[in-house]
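Novice: Next input, structure requested:
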Amino acid sequence: MKKAIYFLIIILGITSLKAQKSSDLKPRILISTDIGGTDPDDNQSMIHLLMYADKFNIEGLVSSPSFGNGSKDEILKMIGLYEKDLPKLKKHSSGFPTPKYLRSVSKQGLRGNAPYEGYSKPTEGSEWIIKSARKKSTQPLWVLVWGGLEDVAQALHDAPDIQNKIKIYWIGGPNKKWSANSYSYITKNFPDLWFIEANSTYYAFFSKNDDPNILKSTEYYDQYIKGYGAMGKDFKNYYKGEIKMGDSPTLFYLMHGNPNDPTGESWGGSFEKINRSAQVIIDGAKGSSEDIAFCSLIEFRFKGPVLNENPVAAPFHMETMHKKDVQKWAGSYLGDGNYSLKYVPKGAEVLSYKFVSEIPELNGHEGKLNIVNLWPGKENPTDIPLGNTWFSDQSDPKLYEGKFQGGKTISKWKNDILLDWAKRWEWLK
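Specialist: As a prediction, the model looks like this:
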């Protein structure tokens, strides 16, 4: 009997050690970013990542600019700043990766957005996603997407077997506008992916908040960053040092909380399961008077002349206004006289649009769409069904932070996040 008890104690001890070792494993992450494009918040998020690089196994840094002039060179520039600060960081932790290693896993992905199909051809970035996902590991590869989904869609298209080896946390919202075709492809062909689609929660991390007890994004630089290291000096170049870091919630999520339970509380927000992705099909010549949820996939369809060959350039485009700028969205010819254009509105608004084409049947159609502030909103017969592991922003009205759905699930952690980061800035003194 004593031997049996002694044996049981040994077994339990070994099991406990294994569990402890498993819990101490660093998350495997791959970042897909549009850094260097039109929104410099990715540079801020990259600085944050590099200052916490001892907490992750960084397996890839992929430049995926669906819009703008982002490139791998911008990633390499940030690694250069990290290299200057690394000696000070290493005094406090032994787990920081070498700059040489980080450069070796930095890859160039697709420049620009994907065509109607949602994918085009393999890139260095998409192939690296596949290679990383296929590594033998007891852990999933966390693919943290800070920009468009083009390289992720390409990787899934070329290697469908990786869908069970990856977990995705995507900062959608405006990125969804530029990545509508790839998003459509992924939802329709890989509905059982493990996927967090954050369309609004992350906004509340950097949006204006009048609560006097919450650290101000406009004041943080002067209080905690100014004068600290090469990365601190560079930080001032983005939004004049005002904290935005709209992509960093993907990292926060893995830093505090149980990442295997998106419905629980974490620094990166709390999410709910959704079983459908809102999709609305509109006759482009007639328009629609129905309310449409923001971030819905809207597909305008037209009938027109049958073209002998599929044109290399889109035969028509749609124009919308962003502040004072005209944005142009390319349409596609699908063959047999069928034309289509996919568009995703990023927020609640009355959206005015106009179609322009040399083809009379497509030209001159204009209208307005009423976009409402709840995702995924009311059900549509054309919605895209999703599996049991797709999550998105909490829809409870009590959890809105102002107009941002689910925002309170992240704004409540802002002080904890920024004060924890402030300790690391002290390392660079």
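Novice: Give me the phi and psi angles of Leu81.
Specialist: The phi/psi pair for Leu81 (degrees, to the nearest 10) reads phi -70, psi -40.
Novice: Kindly report the same for the one 10 residues further on.
Specialist: Backbone dihedrals for Lys91, given as degrees, to the nearest 10, come out at phi -70, psi -20.
Novice: To what extent is it buried, counted in neighbours?
Specialist: For Lys91, the count of nearby residues is 9 (other C-beta atoms under 10 Å). Every residue, glycine included, has its C-beta placed from N, CA and C.
Novice: roughly how far apart are it and Lys226?
Specialist: 21 Å (C-beta to C-beta, to the nearest Å).
Novice: likewise Glu366?
Specialist: 49 Å.
Novice: got it, and Leu49?
Specialist: To Lys226, Leu49 is 21 Å away according to C-beta to C-beta.
Novice: Looking at those two, which one has more neighbours?
Specialist: Shown here are Leu49 and Lys226; by other C-beta under 10 Å, Leu49 has more neighbours (26 against 14).
Novice: Find the residue closest to the more buried one in space, skipping its chain neighbours.
Specialist: Leu251 (6.0 Å; C-beta to C-beta, 6 or more residues apart in numbering).
Novice: quick one: secondary structure of the one you found?
Specialist: Of the three states, Leu251 takes helix under DSSP: H, G, I helix; E, B strand; the rest coil.
Novice: Adjacent strands (with direction) for the longest strand seen in the chain?
Specialist: In the chain, with assignment by DSSP state E, the single longest strand is strand 349-357. Partners of strand 349-357 in the sheet, by DSSP bridges, are strand 316-322 (antiparallel), strand 366-372 (antiparallel).
Novice: weakest of those in terms of mean pLDDT?
Specialist: Mean pLDDT is lowest for strand 316-322 out of those, coming in at a mean of 93.
Novice: Send me that one as CSV with only the CA atoms.
Specialist: What follows is strand 316-322, C-alpha atoms only, in CSV (Å, rounded to 0.1, in the frame of the first residue of the first chain):
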residue,chain,number,x,y,z
PHE,A,316,-15.3,49.8,-63.5
HIS,A,317,-14.8,51.2,-60.1
MET,A,318,-16.7,52.7,-57.2
GLU,A,319,-16.0,56.1,-55.6
THR,A,320,-16.6,57.0,-52.0
MET,A,321,-15.5,59.9,-49.9
HIS,A,322,-13.1,59.7,-46.9
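Novice: What I need now is the strands paired with strand 349-357 written out in CSV, including mean neighbour count and distance to Ala348 for each item.
Specialist: Below are these laid out as CSV (neighbours: other C-beta atoms under 10 Å; distance: least, C-beta to C-beta, whole Å):
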stretch, mean neighbour count, distance to Ala348
strand 316-322, 17, 15
strand 366-372, 16, 5
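Novice: Ok, which of those comes nearest Glu265?
Specialist: Within those, the stretch nearest Glu265 is strand 366-372; the backing value is 27.5 Å (C-beta to C-beta).
Novice: Check what contacts the helix or strand just after the closest one and list those residues.
Specialist: Proceeding N to C from strand 366-372, the next assigned helix or strand is strand 384-385, under DSSP states H and E. Outside strand 384-385, the residues that touch it by C-beta atoms under 8 Å, 6 or more residues apart in numbering are 184, 187-188, 191, 275-277, 279, 297.
Novice: hmm, which of those are the buried ones?
Specialist: Among these, the ones that count as buried by 16 or more other C-beta atoms under 10 Å are 184, 187, 191, 277, 279, 297.
Novice: The first one contacts Gly118, doesn't it?
Specialist: Yes. Using C-beta atoms under 8 Å, Ser184 makes contact with Gly118 at a distance of 5.7 Å.
Novice: ranges for the strands of the stretch 201-350 of the chain?
Specialist: For the stretch 201-350 of the chain, applying DSSP state E, counting those that start in this stretch gives strands covering 271-273, 276-277, 279-283, 291-293, 297-303, 316-322, 325-330, 332-335, 338-343, 349-357.
Novice: same for the third one, what does it pack against?
Specialist: Other helices and strands packing on strand 279-283, by 3 or more C-beta pairs under 8 Å, 6 or more residues apart in numbering; DSSP states H and E, are strand 297-303.
Novice: now the angle between strand 325-330 and the strand it packs on, please.
Specialist: 60 degrees (axes from the mean of the first three to the mean of the last three C-alpha atoms, to 10 degrees).
Novice: Give me the angle between strand 297-303 and strand 279-283.
Specialist: Going by the same axes, to 10 degrees, strand 297-303 makes 20 degrees with strand 279-283.
Novice: Given strand 297-303, what are its sheet partners and their directions?
Specialist: Looking at strand 297-303 with DSSP bridges, what it pairs with is strand 279-283 (parallel), strand 338-343 (antiparallel).
Novice: and those, which is most packed in?
Specialist: Most buried of the strands paired with strand 297-303, by mean neighbour count (mean count of other C-beta atoms under 10 Å): strand 338-343, with a mean of 20.
Novice: Alpha carbons of that one, in CSV - could you do that?
Specialist: Extracted C-alpha coordinates of strand 338-343, given in CSV (Å, rounded to 0.1, in the frame of the first residue of the first chain):
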residue,chain,number,x,y,z
ASN,A,338,-21.4,39.4,-64.8
TYR,A,339,-19.6,42.1,-62.9
SER,A,340,-19.0,42.5,-59.2
LEU,A,341,-17.4,44.7,-56.5
LYS,A,342,-16.9,43.9,-52.8
TYR,A,343,-16.8,46.6,-50.2
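Novice: tell me the mean pLDDT over that strand?
Specialist: Here strand 338-343 scores 96 as its mean pLDDT.
Novice: Residues touching it, excluding its own?
Specialist: Strand 338-343 is contacted from outside by 116, 177, 180-181, 184, 284, 297-304, 315-318, 320, 329-334, 353, 355, 362, using C-beta under 8 Å, 6+ apart.
Novice: And it, how far out from the chain middle?
Specialist: Put simply, strand 338-343 sits 24 Å off its chain's centre (C-alpha atoms, centre = their mean, to the nearest Å).
Novice: Same question for stretch 242-257.
Specialist: Distance of stretch 242-257 from the chain centroid (C-alpha atoms, centre = their mean) equals 11 Å.
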